[in-house]
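1. Please work out how this folds:
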Amino acid sequence: MNNTANKKDVFYIIVLILTFITVIIGATFALYAFIFSQEEGTSAVYTGTLSIEYLSGEIIRFNLLYPTEKPTLETNDNVYKNNFKVTNTGSLDSLITVAIDINKNEFSNKTLSYSLYNGEGTEVATGYIEGENEAVLANNIILEHNTTVEYTLLIWMAENGENQNEEMKKTLTGLIKIDAAQKIN
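-> Presented below is the predicted three-dimensional model:
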């Protein structure tokens with residue numbers, strides 16, 4: 001019996017050693033395949049989190065505007081106004097893009113104007129909202145690391161000196177969209 005027990009012990013030890021060698025060879029191959037599957041000169045960069053707090057909501061929906069001259073930040077009547085905060089909790093500076101993803105725009109071109117102001121009251125961007133796709137309002141705005149900046153978006157119907165009664169009945173709906181990319185020096 002002793003002889004049979006020793007043969008079984010030797011068999012199990014040999015199987016254990018072969019299993020251990022197989023695991024080592026498999027792990028080595030997996031590590032080799034991972035290292036050499038990466039393209040030369042590429043790297044992953046993790047900058048942190050960009051968070052957006054929509055103080056007035058992210059949905060844009062308005063109608064029944066009447067023509068007016070360019071409003072100020074203090075204007076509350078006859079404008080669409082949206083306040084939002086953007087926070088960069090990362091360790092690197094970012095470039096942000098503010099856009100409107102338009103669902104429905106019944107207004108004619110050069111009718112709706114917008115201004116985007118930062119928290120200090122400085123106008124960051126201005127222009128017209130046109131088309132029925134995405135309207136980029138501001139591009140490449142620097143957002144430094146570990147900062148929060150509040151923005152105010154104003155949209156109004158621009159006075160053009162002509163009869164705009166038909167335009168006053170039209171509607172715009174969409175979503176404010178903020179995107180960020182790493183700032184490359």
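2. okay, residue 152: pLDDT?
-> Listed pLDDT for residue 152 reads 93.
3. What residues of the strand or helix carrying it count as buried?
-> Residue 152 belongs to strand 147-157 when assigned by DSSP states H and E. By neighbour count on 16 or more other C-beta atoms under 10 Å, the buried set for strand 147-157 is 149, 151, 152, 153, 154, 155, 156, 157. Backbone N, C-alpha and C define where each C-beta goes, glycine included.
4. Quickly note the distance from the fourth one to residue 135.
-> Going back to what we said before, that points to residue 153. Going from residue 153 to residue 135 by C-beta to C-beta, to the nearest Å gives 11 Å.
5. Just the CA atoms of the least confident helix or strand in the chain by mean pLDDT, as PDB, please.
-> Least confident helix or strand, the chain: strand 50-54 with a mean of 74, by mean pLDDT, DSSP states H and E. The C-alpha trace of strand 50-54 is given here as PDB (Å, rounded to 0.1, in the frame of the first residue of the first chain):
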ATOM      1  CA  LEU A  50     -15.900  67.800 -15.800                       C
ATOM      2  CA  SER A  51     -19.100  68.400 -14.000                       C
ATOM      3  CA  ILE A  52     -22.000  70.600 -15.200                       C
ATOM      4  CA  GLU A  53     -24.700  72.000 -13.000                       C
ATOM      5  CA  TYR A  54     -27.600  73.400 -14.900                       C
END
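6. what number of residues lie near the closest residue to residue 60 other than its chain neighbours?
-> Closest residue to residue 60 apart from its sequence neighbours, by C-beta to C-beta, 6 or more residues apart in numbering: residue 174 at 4.8 Å. As a burial measure, residue 174 scores 21 neighbours (other C-beta atoms under 10 Å).
7. what's across from residue 174 in the sheet?
-> Counting by DSSP bridges, residue 174 is bridged to residue 60, residue 102.
8. Now do the contacts for it.
-> Going by C-beta atoms under 8 Å, 6 or more residues apart in numbering, residue 174 touches 59, 60, 100, 101, 102, 103, 104, 105, 135.
9. Quick one: buried ones out of the residues you listed?
-> 60, 100, 102, 105, 135.
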